[in-house]
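Engineer: Compute the structure for the input listed below.
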Amino acid sequence: MLSLEHAHRNGRTQNHRQPWALLALVACACGGGSPVGPNDAGVDSRVIPDSGPIADSGPIADSGPIADSGPIADSGPIADAGTGADTGTGADAGTGDAWQLEPGHYYEAIPWPSAAFAGQTAADTEPFVIFPRPNSETEDYARQRWAHPQMDYQIPIALRGGAFPYHLEIDMEGTSLELRSSIAIGANYDSTNAYLVTIPAATIADLASATEYTVSVRAIDQAGKQLRVWWSFQREAADLDHFFFADNSAGTNGDGSFARPFDNIDEPGWLAAGDGASSAQKILVIREGDSASSPYQKFASWNWSPARFPAGIISIPGERPVIDCRGRTSLWGWQGARSNDGFFWGFKAINGRTTYTTDWHGSFASEYGSSWNRALIGNLELVVNARLAPNNFNPSVFNFNNVGRNPRKHIAFINITASDVLGADLPNGGALIDMNGWKYALVDNITLRNWGTSDVASQAIYSKRDISDVTIRRLTCLEGCNIGGYAVVDLRADNRPNQQQYQNIEVTRCNWNAPSRYGLLYLRPSAFGFRGVDGPFYSYFNTSRGGTSAMTRIWQSCADTIALDNNVGDQSIDVGSIVPTDFGGPPAVPTLSSNLEGVSSSDFQADGTLTDAYLASQGLSRGAVGHEIR
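Structural biologist: Numbering: from 1, shown residues only. I've put the predicted structure just below:
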């Protein structure tokens, strides 16, 4: 849920002290016109340079005029506009022009590249486009590179940095002609199918096989900057080439094709323990079937490597199969040096593994010391029902424990609801995600419920090894959360010398009501005498309730930049000690601006917004403070 409770526009606001906030305001002001606020039903007259097709004009008839287009700056000709009825945003345009927020309601902490949209390269977009990456970087079997003719082709777009929330539209000129009439995108964060590209099965069925079809997406942020996302795919030519299917309502066990699916997910030669060579580098499509009442039973932990077990697990759009791990198996694991391009999307998993076994140490997924890159994990409902038991490797629901120095690149956890972690038996355990050795990563739109117990440690995000260029955004827990450890987001160094830890990190729009020692965030980027090169680190637009000692603690900071702005909490911000790095030069003292500290619990509403009475007492208007967008 999107959290905007803190854009304080009265005398207490000090955005001039934040250069990155000032950039956002200047960029907005340069756009011209008056941006429409989040609750304004009017039409925004601002012209965005190089904006391409207008988002909310609806279907365009072949010969009719484009309504309400206004002047389009530097858009160039619209190629073959008569071929289809799409303006470039597809269906599900959401709020239309109202996606543009008023100045002060967004920050540009980590700016997108200034390179012109059409000329952007993979290198330009590397820190920001987490998924999908261009074909030049991905394995041939990557999920986005194949479409099955009997199911809708649906691909999420995962972006970080810039000034969120973004607006997405199809770049028609860069998209293959055959796709333009039917391709759609969830343009805004509150759209149906938000930030998802969808092409109907009927369109896929009409495409030729052995032919590359290109999709190009234009992303626009609140500062008016644009980001190019592009990839290409082929139509599946023959059954079982890249997809195989399971349906527990099939009645009889088939060969795994769409027409004759397996009736289980433990099929010998495909999915059974130690016996999955036939599924290697393929996508397992699990139909919903009868799984709502009779969940699929999972017996094997699929330790994914290039030679065995699926490269991804998905559902057909609109279906949600249920997988029961029986408290004994994980959903998948990683091993091997080229287990790249994992894709896990669109299902519900229950009864995660409780105890540590030879499959390492994650309740639903594990890996230890591998060197893979690129994974997207999302659109999941997880009912863990597990107490994460003792072991040596920080038990969690999804555990990534890198022991090497080469980080895994381009990882996205998005659109996940997780519940019922009963706690952990180690001080560092119990996180949803244990992230170690990540570079270019996004954790976004995560909701936790019934998470942890007060007598043991549990977090949402835990890390103690190198991470850089990571965004943690829209992390929410308002129901039954007890963080027995230090904080909801716990980032702290381990005893590894000369590590480059916590660079270009942002934690934003999180909303928590969870008893813990330090509330939302605990940042300790040095420990045991080792102080790496850290920062910048940004925390903004967060709400934290339930901290017993602080709403955020920065301890032994050696970062070159730490900025906390427009955070609201019921405790104070504890800056703690400031120490130099091992590489010379003093660190910057953290900058604090426009944070509301020590707000009484009675001044919060149930959803984390501030009450009308509190706003009035501070001379703030609800439209100006704006946690209202959820």
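
Engineer: can we go C-alpha only for contacts and neighbour counts from here?
Structural biologist: Fine.

Engineer: Show the contacting residues for the nearest residue to I573 once chain neighbours are set aside.
Structural biologist: Nearest in space to I573, with sequence neighbours left out and distances taken as C-alpha to C-alpha, 6 or more residues apart in numbering, is T552 at 5.0 Å. Taking C-alpha atoms under 8 Å, 6 or more residues apart in numbering as the criterion, T552 is in contact with Y518, G519, L520, L521, Y522, S572, I573, D574.

Engineer: For PyMOL, write the select line for the buried members of those residues.
Structural biologist: This is how PyMOL selects the buried members of the contacts of T552, with burial counted by 16 or more other C-alpha atoms under 10 Å:
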select buried, resi 518+519+520+521+522+572+573
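
Engineer: between the contacts of T552, which is nearest A613?
Structural biologist: Proximity of those to A613 (C-alpha to C-alpha) peaks at S572, which lies at 21.3 Å.

Engineer: circling back to that earlier point, please identify which pair of the contacts of T552 lies farthest apart.
Structural biologist: With distances taken as C-alpha to C-alpha, the most widely separated pair in the contacts of T552 is Y522 and S572, at 12.8 Å.

Engineer: Who is Y538 paired with across the strands?
Structural biologist: Y538 has these beta-bridge partners by DSSP bridges: E506, A563.

Engineer: i'd like the first residue to be 13 from this point on
Structural biologist: Sure, I'll start counting at 13 from here, so that last one is Y550.

Engineer: ok, now which ones touch it?
Structural biologist: With contact set as C-alpha under 8 Å, 6+ apart, Y550 has these partners: A121, N516, I517, E518, V519, T520, I574, A575, L576.

Engineer: neighbours of the third one, just the number please.
Structural biologist: Neighbourhood size, I517 [other C-alpha atoms under 10 Å]: 25.

Engineer: Can you verify my assumption that it contacts P548?
Structural biologist: Yes - counting by C-alpha atoms under 8 Å, I517 does reach P548; the two are 6.6 Å apart.

Engineer: quick revisit: what's the closest of the contacts of Y550 to D233?
Structural biologist: Ranked by distance to D233 (C-alpha to C-alpha), those are led by A121 at 12.1 Å.

Engineer: Quick one: the helices in the chain, in order.
Structural biologist: 31-41, 134-137, 213-217, 624-629, 634-637 (DSSP state H).

Engineer: export the contacts of T564 to a markdown table and tack on pLDDT?
Structural biologist: As requested, those are exported to a markdown table (pLDDT from 0 to 100):
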| residue | pLDDT |
| --- | --- |
| Y530 | 73 |
| G531 | 75 |
| L532 | 77 |
| L533 | 78 |
| Y534 | 77 |
| S584 | 88 |
| I585 | 86 |
| D586 | 83 |
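
Engineer: closest to I328 among the contacts of T564?
Structural biologist: Where these are concerned, and distances follow C-alpha to C-alpha, I328 has its nearest neighbour in L532, at 35.9 Å.

Engineer: from memory that closest one sits against I566, does it?
Structural biologist: No - under the criterion of C-alpha under 8 Å, L532 makes no contact with I566, lying 11.4 Å away.

Engineer: Would you mark the buried spots in the biggest strand by length in the chain?
Structural biologist: Once the chain is assigned using DSSP state E, the strand that runs over the most residues is strand 420-436. Applying a neighbour-count criterion of 16+ other C-alpha under 10 Å, one finds 420-436 buried in strand 420-436.

Engineer: got it, and stretch 519-531?
Structural biologist: Buried residues in stretch 519-531, counted by 16+ other C-alpha under 10 Å: 519-531.

Engineer: swap in stretch 354-370?
Structural biologist: Buried residues in stretch 354-370, counting neighbours by 16+ other C-alpha under 10 Å, are found at 354-368.

Engineer: wait, which of these is closest to I335?
Structural biologist: Of all these, I335 sits closest to A361, with 4.7 Å by C-alpha to C-alpha.

Engineer: what's the pLDDT at the closest one?
Structural biologist: pLDDT, the model's per-residue confidence, is 96 for A361.

Engineer: State the distance from it to I325.
Structural biologist: 12 Å (C-alpha to C-alpha, to the nearest Å).

Engineer: Repeat that for Y550.
Structural biologist: Between Y550 and I325 the distance, using C-alpha to C-alpha, works out to 34 Å.

Engineer: Repeat that for F255.
Structural biologist: According to C-alpha to C-alpha, F255 and I325 sit 10 Å apart.

Engineer: do T223 as well
Structural biologist: 24 Å.

Engineer: When the two are compared, which one has more neighbours?
Structural biologist: Comparing T223 with I325 by neighbour count (other C-alpha under 10 Å), the higher total belongs to I325, at 21 against 11.

Engineer: residues in contact with that one?
Structural biologist: Under the criterion of C-alpha under 8 Å, 6+ apart, the contact partners of I325 comprise I295, L296, V297, I298, F355, F356, W357.

Engineer: which residues does the fifth one bridge with?
Structural biologist: Beta-bridge partners recorded for F355 (DSSP bridges): G324, L388.

Engineer: wait, isn't it in contact with A387?
Structural biologist: Yes - with contacts counted by C-alpha under 8 Å, F355 reaches A387, the gap being 5.8 Å.

Engineer: ok, so what distance separates the closest residue to E138 other than its chain neighbours from Y498?
Structural biologist: Spatial nearest neighbour of E138, chain neighbours left out: Y452 (7.5 Å); criterion: C-alpha to C-alpha, 6+ apart. When distance is defined by C-alpha to C-alpha, Y452 is 25 Å away from Y498.

Engineer: low-confidence ranges in the stretch 13-162 of the chain?
Structural biologist: Low-confidence segments of the stretch 13-162 of the chain, defined by pLDDT under 70, are located at 13-109.

Engineer: now with 90?
Structural biologist: Confidence mapping of the stretch 13-162 of the chain against pLDDT under 90 gives the ranges 13-119.

Engineer: Kindly list the main-chain dihedrals of E114?
Structural biologist: Recorded main-chain torsions at E114 are phi -70, psi 150, according to degrees, to the nearest 10.

Engineer: separation between it and I167?
Structural biologist: As for E114, its distance to I167 is 30 Å (criterion: C-alpha to C-alpha).

Engineer: for the residue lying closest to R172 once chain neighbours are set aside, what are its contacts?
Structural biologist: Residue nearest to R172 in three dimensions, not counting chain neighbours: F140, with 5.0 Å by C-alpha to C-alpha, 6+ apart. Taking C-alpha under 8 Å, 6+ apart as the criterion, F140 is in contact with W124, L171, R172, G173, Y452.

Engineer: Let me know the closest of those residues to L608.
Structural biologist: Within these, distances to L608 taken as C-alpha to C-alpha reach their minimum at G173, with 24.1 Å.

Engineer: Return the set of residues that bridge with the closest residue to that closest one other than its chain neighbours.
Structural biologist: Computed as C-alpha to C-alpha, 6+ apart, the closest residue to G173 that is not its neighbour in sequence is I122, at 5.1 Å. When bridges are assigned using DSSP bridges, the partners listed for I122 are G174.

Engineer: looking at this protein, which helix or strand does the model trust least?
Structural biologist: Here the helix or strand of the chain ranked lowest by mean pLDDT, DSSP states H and E is helix 31-41, holding a mean of 33.

Engineer: could you pull out the strands for the stretch 313-462 of the chain?
Structural biologist: Applying DSSP state E, counting those that start in this stretch to the stretch 313-462 of the chain gives strands spanning 314-316, 324-326, 334-336, 344-346, 354-357, 360-362, 374-380, 387-400, 408-413, 420-436, 443-448, 450-463.

Engineer: I'd like those strands as a markdown table, with distance to V611 appended.
Structural biologist: Listed next are the strands of the stretch 313-462 of the chain as a markdown table, based on distance: least, C-alpha to C-alpha, whole Å:
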| stretch | distance to V611 |
| --- | --- |
| strand 314-316 | 47 |
| strand 324-326 | 44 |
| strand 334-336 | 42 |
| strand 344-346 | 43 |
| strand 354-357 | 39 |
| strand 360-362 | 37 |
| strand 374-380 | 36 |
| strand 387-400 | 33 |
| strand 408-413 | 32 |
| strand 420-436 | 28 |
| strand 443-448 | 27 |
| strand 450-463 | 23 |
